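Participant: Make a model of this:
(2 chains, ligands or ions: 6)
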There are 2 protein chains.
Amino acid sequence: MAAGQTTTAKRAASRHDSTKPHITDSPITRANWYKHVNWLNVALIVGMPVYGLIAAIWTPLVWKTAVFSVLYYFATGLGITAGYHRLWAHTSYSAGLTLRIFFAAVGGGAVEGSIRWWARDHRAHHRYTDTDKDPYSVRKGLLYSHIGWMIMKQNPKRIGRTDISDLNNDKVVQWQHRNYLKVVVFMGLIFPCLVTGLGWGDWAGGFVYAGILRIFFVQQATFCVNSVAHWLGDQPFDDRNSPRDHAITAYITLGEGYHNFHHEFPSDYRNAIEWHQYDPTKWFIWVCKQLGLAYDLKQFRQNEIEKGRLQQQQKKLDQARSKLDWGIPIEQLPVLEWDDYQDQARNGRALIAVAGIVHDVTDFIKHHPGGKTMITSGIGKDATAIFNGGVYDHSNAAHNLLSTMRVGVIRGGCEVEIWKRAQRENKDIRFVTD
Amino acid sequence: MAAGQTTTAKRAASRHDSTKPHITDSPITRANWYKHVNWLNVALIVGMPVYGLIAAIWTPLVWKTAVFSVLYYFATGLGITAGYHRLWAHTSYSAGLTLRIFFAAVGGGAVEGSIRWWARDHRAHHRYTDTDKDPYSVRKGLLYSHIGWMIMKQNPKRIGRTDISDLNNDKVVQWQHRNYLKVVVFMGLIFPCLVTGLGWGDWAGGFVYAGILRIFFVQQATFCVNSVAHWLGDQPFDDRNSPRDHAITAYITLGEGYHNFHHEFPSDYRNAIEWHQYDPTKWFIWVCKQLGLAYDLKQFRQNEIEKGRLQQQQKKLDQARSKLDWGIPIEQLPVLEWDDYQDQARNGRALIAVAGIVHDVTDFIKHHPGGKTMITSGIGKDATAIFNGGVYDHSNAAHNLLSTMRVGVIRGGCEVEIWKRAQRENKDIRFVTD
Ligand code: HEM
Ligand code: HEM
Ligand SMILES: [Fe+2]
Ligand SMILES: [Fe+2]
Ligand SMILES: [Fe+2]
Ligand SMILES: [Fe+2]
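Facilitator: Numbering: from 1, shown residues only, chains lettered A, B, ... in the order given. Ligands and ions are numbered 1, 2, ... in the order given. Modelled structure (predicted):
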């Protein structure tokens, strides 16, 4: 916001007078609530558009002005997304002087504060996401992250500190910050009036539509990155914090809607990584590169991106896994001798050994999809091979079901192991006959 | 098919004369191709509908007949899906005599062979899915699995053997098998004619629409279970074989479209497990249960179902994981002494130790999103804490990136470990000063 300037001014003031408590230190009451409100911002974000809407009643919309308003909406929007955000806040690519001047101008016309102020807050938002040091933390409510943080006064000391030395060295950023008020009035209102007025004599339309109402739409669209993008959608890369991916947010925000990706890979000049996803900001930067206006477009290696996606999927899977019943763990099962197993099976317990584990199938025999005879034929035997394809190659589901019937482990593993050992030890051993 | 009977008859014949080679033993040539064709089935699956279509030109469609045709389509379709398939082939629930007689009748009206013949083939299809013993293996082509297996003669010896002793004990199944020709002619053609003829005098419409064309649609719909359901959709439970889940297949096949689930849990009376998925066959069985006509509806435990789904997801994830580059495995890294690490870092190599692993960040310093100063401050130190929140809690993406920069392991782990050991061993050790 233009009001960013006032915040900065206030901050300077509060530095001088840091003994005096800030208004945000006292709770909101009936008596003092109006002191908590940032009236300048209310005027800029709420008052102006209301005025514009009323003025629109008496201002006919000329179609040339309508077309220009939409174009200028895109230009000033890109000033924020491609300029303020991806270039200056994240240095996800480099831009020549021409492009930087363009962004400083049209970005100013979006009326969202100077590059320096905007980028500093935004870096704090990334560094301290969702904490109290995040200037527009969604944890304080969706409306707060959308406009509440501008409409209510903030204690400047609360916002996390970040390094903006690179911005302080950028001449364009410096100049824009020093002359911000001029930039915002000229690019926000005068320039659109000049275009529509000198172009086709529609001075009033330029002011109301390409000026005030266009500002309103650009502001609301970009504010959605702080609210909707932290509230609606999936979290394919990390679910510890609030950022989310959603196509709808992308449509509203010139492509900034793949916000889970963006918070995970902020130095990537893309927000959408698939070609079919809507990210006009990315397309614009790419075109600038082809024209020689931008260079060093940074991209995270696809391999690292896929790793992140995979780890998040694994996390989800592990959470789901821990909620299921996986049967008695093998280490907790009683150990049986092979002979004991056979004895018990012969004396009426329907036990079946598969892969060294003994299973009690008594209750399952009559439900066995392969029939009673089949399953009964495995009782008292080493049914490892029979179960795994010797007679029928049971499904994964059958293996899972089997594991719920575990009752013991056979010392030394399966029958073959016992038999091998007996051979080695040259002992006699009873064999199953079938 | 009604032709199932002929196949059975042929099989009986071939048993008597098993020395004579079967036609399928000789390759298809120009001279013998017509001997390979099962002309009876061609007449029933292709000839009849063509005749029906032509006859329809002269047969006006009365709306009552249209409604009845659709209703009878559903009744005969359910005879196959709820009766032949889920009740008899899979015994996924039990049905009283009334319901079994109903299914035997309307299932016969679908003209797809006797219960006994159909269920035997279907059990072989499940037991030997996708192999040569599968009567309608999709591995032989989509068209083959749809109708090719009926239109071309099959060597009965090829089809896998299954146990149908339970069906041989079912009086209704026995009776239907013995009187199949009567059942199919009566339920397929005569009964619909009687309804439309005695009902509203439309004998011809009953024959053409409720008879012939309705048979055609029921046949094609149920054939899709063998073709489309093995070809279109996802494999959430097991991807080793061809069965797939797809809503479209479900719409065509009265709910048999969740075929990956069905092949994994064939004894479950449901095919769709979510309430919002289309499975009218399941709904019908459930209603029959409420009416006391069906009982013992079998359902796999949700826990086992989720286990299967999870294991398949894990499998997919592991496959994806193995395709990515995870950096040099820790066990393959050279081992460094803590002092060597510090020496090298001091002599110009930009090394940073995090969690006992040494990383070479030389090429990354100028790209570090947190700035040069920050990352340089970690060189030559144990930066475990700094990297993990001491200064900034790096994202998962940063951890992944870091792992690609590995160059060595520090003997004894991190600095603290070295320090602890030195204390224990009462030795002198150089400390980092900052
Ligand atoms: C050890 C002797 C066993 C033999 C010879 C045997 C044989 C068979 C056969 C032939 C089938 C195929 C049925 C068909 O599709 O027509 C089958 C299915 C099945 N059997 Fe067994 N079985 C044995 C033990 C078990 C045990 C101990 C379990 C316990 C979990 C089990 C669970 C199943 C299940 C769930 C099916 C359904 C199809 C599948 O999910 O793979 N079987 N069995
Ligand atoms: C050891 C000393 C280090 C310090 C003190 C440090 C500090 C920081 C800080 C403060 C940020 C936040 C930048 C912002 O959002 O404004 C940051 C970001 C980042 N750092 Fe470092 N860093 C260090 C080492 C490294 C190393 C060795 C890597 C190598 C992978 C790395 C990778 C990153 C990445 C990828 C980011 C972007 C944000 C993220 O993905 O978390 N840093 N670092
Ligand atoms: Fe964000
Ligand atoms: Fe950002
Ligand atoms: Fe199938
Ligand atoms: Fe089936």
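Participant: so what's A:D163 closest to, chain neighbours aside?
Facilitator: B:G371 (5.1 Å; C-beta to C-beta, 6 or more residues apart in numbering or on different chains). Where you see a C-beta, it was placed from the backbone N, CA and C, and this is true even at glycine.
Participant: what's the neighbour count on that neighbour?
Facilitator: By other C-beta atoms under 10 Å in any protein chain shown, 16 other residues sit near B:G371.
Participant: what does A:L181 give?
Facilitator: 12.
Participant: so what's the residue most central in space within chain A up against?
Facilitator: Residue closest to the average C-alpha location in chain A (C-alpha atoms, centre = their mean): A:N260, at 1.7 Å. For A:N260, the contacting residues are A:G233, A:D234, A:Q235, A:P236, A:F237, A:D238, A:P243, A:R244, A:D245, by C-beta atoms under 8 Å, 6 or more residues apart in numbering or on different chains.
Participant: Can you give me the separation between the residue nearest to A:D163 and ligand 1?
Facilitator: Relative to ligand 1, B:G371 is positioned 58 Å away (C-beta to the nearest ligand atom, to the nearest Å).
Participant: Could you do A:I215 as well?
Facilitator: As judged by C-beta to the nearest ligand atom, A:I215 and ligand 1 stand 64 Å apart.
Participant: List the contacts of the residue nearest to A:W231 when sequence neighbours are not counted.
Facilitator: Nearest residue to A:W231, sequence neighbours excluded (C-beta to C-beta, 6+ apart): A:L142, at 5.5 Å. For A:L142, the contact set (C-beta under 8 Å, 6+ apart) comprises A:S227, A:V228, A:W231.
Participant: Setting aside sequence neighbours, what's the nearest residue to the second one?
Facilitator: What that stands for is A:V228. Nearest to A:V228 is A:T249, by C-beta to C-beta, 6+ apart, at 4.9 Å.
Participant: how about the one you found, what does it touch?
Facilitator: Contacts of A:T249 by C-beta under 8 Å, 6+ apart are A:C224, A:V225, A:V228, A:A229, A:L232, A:G233, A:E256, A:G257, A:H259.
Participant: Tell me which helix or strand it sits in.
Facilitator: helix A:247-252 (DSSP states H and E).
Participant: what about dumping the CA coordinates of that helix to CSV?
Facilitator: Written as CSV, here are the backbone C-alpha positions of helix A:247-252 (Å, rounded to 0.1, in the frame of the first residue of the first chain):
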residue,chain,number,x,y,z
ALA,A,247,-5.7,-23.4,-9.9
ILE,A,248,-8.4,-21.0,-8.9
THR,A,249,-5.9,-18.9,-6.9
ALA,A,250,-3.6,-19.0,-9.9
TYR,A,251,-6.4,-17.6,-12.2
ILE,A,252,-7.0,-14.7,-9.7
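Participant: what about chain A, any weak spots by pLDDT?
Facilitator: A:1-19, A:413-434 (pLDDT under 70).
Participant: need the residues of it near ligand 2, please.
Facilitator: Proximity of chain A to ligand 2 (C-beta under 6 Å from any ligand atom) is limited to residues A:R123, A:H126, A:R127, A:T162, A:P266.
Participant: Was I right to think the last one contacts A:R123?
Facilitator: Spelled out, it's A:P266. No. In terms of C-beta atoms under 8 Å, A:P266 does not count as a neighbour of A:R123; the distance is 9.2 Å.
Participant: buried residues in stretch A:273-292?
Facilitator: A:I273, A:Q277, A:Y278, A:D279, A:P280, A:T281, A:K282, A:F284, A:I285, A:W286, A:C288, A:K289 (16 or more other C-beta atoms under 10 Å in any protein chain shown).
Participant: go on, stretch A:203-223?
Facilitator: A:204-216, A:218-219, A:221-223.
Participant: can you give me how far that stretch is from the chain middle?
Facilitator: 29 Å (C-alpha atoms, centre = their mean, to the nearest Å).
Participant: Can you dump the C-alpha atoms of that stretch in PDB for me?
Facilitator: These are the backbone C-alpha positions of stretch A:203-223, laid out as PDB (Å, rounded to 0.1, in the frame of the first residue of the first chain):
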ATOM      1  CA  TRP A 203     -10.600  11.900 -19.100                       C
ATOM      2  CA  ALA A 204     -13.300  10.900 -16.500                       C
ATOM      3  CA  GLY A 205     -13.400   7.300 -17.600                       C
ATOM      4  CA  GLY A 206      -9.600   7.100 -17.400                       C
ATOM      5  CA  PHE A 207      -9.800   8.300 -13.800                       C
ATOM      6  CA  VAL A 208     -12.700   6.100 -12.600                       C
ATOM      7  CA  TYR A 209     -12.100   2.900 -14.600                       C
ATOM      8  CA  ALA A 210      -8.400   2.700 -15.600                       C
ATOM      9  CA  GLY A 211      -7.500   4.500 -12.400                       C
ATOM     10  CA  ILE A 212      -9.500   3.900  -9.200                       C
ATOM     11  CA  LEU A 213     -11.400   0.700 -10.000                       C
ATOM     12  CA  ARG A 214      -8.500  -0.900 -11.800                       C
ATOM     13  CA  ILE A 215      -6.400  -0.200  -8.600                       C
ATOM     14  CA  PHE A 216      -9.000  -1.900  -6.500                       C
ATOM     15  CA  PHE A 217      -9.000  -5.000  -8.700                       C
ATOM     16  CA  VAL A 218      -5.200  -5.300  -8.800                       C
ATOM     17  CA  GLN A 219      -5.000  -4.900  -5.000                       C
ATOM     18  CA  GLN A 220      -7.700  -7.500  -4.300                       C
ATOM     19  CA  ALA A 221      -6.100  -9.900  -6.700                       C
ATOM     20  CA  THR A 222      -2.600  -9.700  -5.200                       C
ATOM     21  CA  PHE A 223      -4.000  -9.700  -1.600                       C
END
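Participant: By residue count, what's the longest helix in chain A?
Facilitator: Determined from DSSP state H, the single longest helix within chain A is helix A:302-322.
Participant: Okay, buried residues for that one please.
Facilitator: Of all the residues in helix A:302-322, those buried under the rule 16+ other C-beta under 10 Å are A:E304, A:I305, A:E306, A:K307, A:G308, A:R309, A:L310, A:Q311, A:Q312, A:Q313, A:L317.
Participant: Done for today, thanks.
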